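Student: compute the structure for the input listed below.
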Amino acid sequence: MRDHVDLEVASVNIRSNIYFRGPNVFILACAIVIASVGLNLNSIPVIIGAMLISPVMGPILGFGLGLGTNDTALVKDSLKNFLVMVLISILSSTLFYLLSPLQLEHQTELLARTNPTLYDVFIALFGGFAGILENSRKEKGGTVIPGVAIATALMPPLCTVGYGIAHLEWRFIVGAFYLFIINTVFISLATFVTVKYLHFPSPHGKEEAIRKRSARWIAVIMVLMLVPSVWSAVQMIQDNNFAISAQRLVHDNTNLGKSYIYDYRTDVEVNPPTLELFLAGEKMDAATRERLFLDAEQSGITRGQIIIREDAAFQNEIMTESEIIRNMIDSHDREVEQLQGQVDSLSTSIEFFKAQQLPSVLITREIAAQYAGVEEVTLTRGERVQAENGKSDAAIVAIVRTETGLKEAERERIEQWLRVRLGVNDVTVIVKK
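Tutor: Below is the predicted model of the structure:
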């Protein structure tokens, strides 16, 4: 590889690109505003365009080069310009989001920058290798540095920090800045390793005393930089492993006897992480629950990490229509007594409830008349809560038992028909033989 690199020219180029002065400052501010617009509009092409013109790689590569050549002066200059770059970026994005009147309901591109994963570590590490090698080789290809800028995505996290500051959202501030630091650290680490491997010349030459003093300072900086990054990488590996184990557990246990897992949610922000299961159908018996816990333990998930929600499940194995109505009325009566304590309020609530009860018998007859082989239809009322904003919507789960099963197109038609028939937007149809 050394036959294809020009270390002297590469060193000069990297050192000259670390500074943020004159046009570089305005180019950076323009790139930040463009990226902020792209994030605000959920427009990936606009975000990519901002990263193409952004000069943020300079100080990071300079920092890695300074570490690899024991050049404390270069390390200091790179850090100083890196802080200037971060400050300009955050101020520009914060000002934009303070003035922007646009506020989308689902900020998917912004939210994507608040949850770093293990993949971000790999992207930053190998992006750093590509960046320093492109700067070092004799024949420049011209596409690697823009590609690295896009892949490592240094700009969007800083814009997301500005959004968090403008809207006082700590989740955006902490998560996005954490992602930015991960990218920065591992790009610098890749640069450091490549500089050591290619034997970039040291500015101190053979001055042993200066070289040793610089080496000590560089060692301290490396330790301070690597310890938190290694810890974060380990933490992300653990979070990803938990998410994968949770997904496998749900996939292998979707049908739990007469119960059905229709949704699940993982929370890796707490310690230890938790898995929340949402069940429909009939409530699990003790034996089924124990089998689920044993299967979870084999996947590395403890009993204390599992939260089971059976709000949309029935208690009895077989319930008549009158029993279902009676149980729901009793539950409703208790709620009214606790909140109102007055007969008039109780009567009004019961009338409202009667208007909202599910016509299970009629629904079963109507579906059986349209689809041959339908033996039983069980309707349960639940509630689906959005994790992003905490909003809740009414949800209906229909379990259709048949002799021969139904095609996917037939199941979708039943879902659409139930939405119109019951006047709700969220209906899930589960077909069981």
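Student: burial count for Val161?
Tutor: 26 (other Cβ atoms under 10 Å). All C-beta atoms are positioned from the backbone trio N, CA, C, and that covers glycine.
Student: how confident was the prediction at it?
Tutor: Val161 is assigned a predicted lDDT (pLDDT) of 89.
Student: would you agree it is in contact with Phe177?
Tutor: Yes. Assessed by Cβ atoms under 8 Å, Val161 is found in contact with Phe177 at 5.1 Å.
Student: for the helix or strand hosting Val193, packing partners?
Tutor: If you go by DSSP states H and E, Val193 is part of helix 170-198. Where contact means 3 or more Cβ pairs under 8 Å, 6 or more residues apart in numbering; DSSP states H and E, helix 170-198 is packed against helix 57-68, helix 118-136, helix 155-167, helix 208-252.
Student: off-centre distance for the shortest one?
Tutor: Per Cα atoms, centre = their mean, to the nearest Å, the displacement of helix 57-68 from the mean C-alpha position of its chain is 29 Å.
Student: packing partners for it?
Tutor: helix 7-16, helix 72-99, helix 118-136, helix 144-152, helix 170-198, helix 208-252.
Student: looking at the ones you listed, which is nearest to Pro45?
Tutor: Between Pro45 and the helices and strands packed on helix 57-68, the tightest spacing by Cβ to Cβ is seen for helix 144-152, at 11.2 Å.
Student: domains of the protein?
Tutor: Per automatic domain parsing, the domain ranges recorded for the chain read 2-203, 319-356, 358-433.
Student: low-confidence ranges, the stretch 251-400 of the chain, go.
Tutor: Scanning the stretch 251-400 of the chain for pLDDT under 70 picks out the ranges 312-358, 382-394.
Student: can you report how many residues neighbour the closest residue to Gly58 other than its chain neighbours?
Tutor: Using Cβ to Cβ, 6 or more residues apart in numbering and skipping the chain neighbours, the partner closest in space to Gly58 is Asn17 (3.7 Å). Neighbours of Asn17 under the rule other Cβ under 10 Å: 17.
Student: residues in contact with Asn17?
Tutor: For Asn17, the contacting residues are 55, 57-58, 61-62, by Cβ atoms under 8 Å, 6 or more residues apart in numbering.
Student: follow-up on the earlier one: so for the helix holding Val193, mean pLDDT?
Tutor: Mean predicted confidence for helix 170-198 is 84.
Student: now do that helix against helix 155-167, angle only.
Tutor: 150 degrees (axes from the mean of the first three to the mean of the last three Cα atoms, to 10 degrees).
Student: which parts of helix 170-198 are buried?
Tutor: 172-173, 175-195, 198 (16 or more other Cβ atoms under 10 Å).
Student: ok, stretch 74-86 next?
Tutor: Here stretch 74-86 shows 74-75, 77-79, 81-82, 84-86 as buried, counting by 16+ other Cβ under 10 Å.
Student: contacts for it?
Tutor: 15, 18-20, 28, 56, 58-60, 62-63, 65-67, 158, 180, 184, 203, 217-218, 221.
Student: would you mind checking the residues you listed for buried ones?
Tutor: Using 16+ other Cβ under 10 Å as the burial test, the contacts of stretch 74-86 include 15, 18-20, 28, 56, 58-60, 62-63, 65-67, 158, 180, 184, 203, 218, 221 as buried.
Student: any regions of the stretch 101-250 of the chain where pLDDT drops low?
Tutor: Ranges of the stretch 101-250 of the chain meeting pLDDT under 70: 102-118, 140-153, 204-215, 218-219, 221-222, 225-226, 228-229, 232-233.
Student: ok, now which ones touch Pro23?
Tutor: Counting by Cβ under 8 Å, 6+ apart, there are no residues that Pro23 touches.
Student: Met284: which of the helices and strands packed on helix 57-68 is closest?
Tutor: Of those, nearest to Met284 by Cβ to Cβ is helix 208-252, at 14.4 Å.
Student: in contact with the residue lying closest to Gly300 once chain neighbours are set aside, which residues are there?
Tutor: Spatially, and ignoring its direct neighbours in sequence, Gly300 is nearest to Ser245 (5.4 Å; Cβ to Cβ, 6+ apart). Counting by Cβ under 8 Å, 6+ apart, Ser245 makes contact with 299-301.
Student: now a ChimeraX select for only the buried ones of those residues.
Tutor: The following ChimeraX line selects those of these that are buried, judged by 16+ other Cβ under 10 Å:
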select :299,301
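Student: what number of residues lie near Arg216?
Tutor: Counted with other Cβ under 10 Å, Arg216 comes out at 12.
Student: and the nearest residue to Leu125 once chain neighbours are set aside, how far from Asn70?
Tutor: The shortest distance from Leu125 to any non-neighbouring residue, by Cβ to Cβ, 6+ apart, is to Phe186 (4.4 Å). As judged by Cβ to Cβ, to the nearest Å, Phe186 and Asn70 stand 21 Å apart.
Student: Met284 too?
Tutor: Separation of Met284 from Asn70 (Cβ to Cβ): 63 Å.
Student: chain center to stretch 401-409, what's the gap?
Tutor: 35 Å.
Student: state the mean pLDDT of it.
Tutor: Rounded mean pLDDT across stretch 401-409 is 81.
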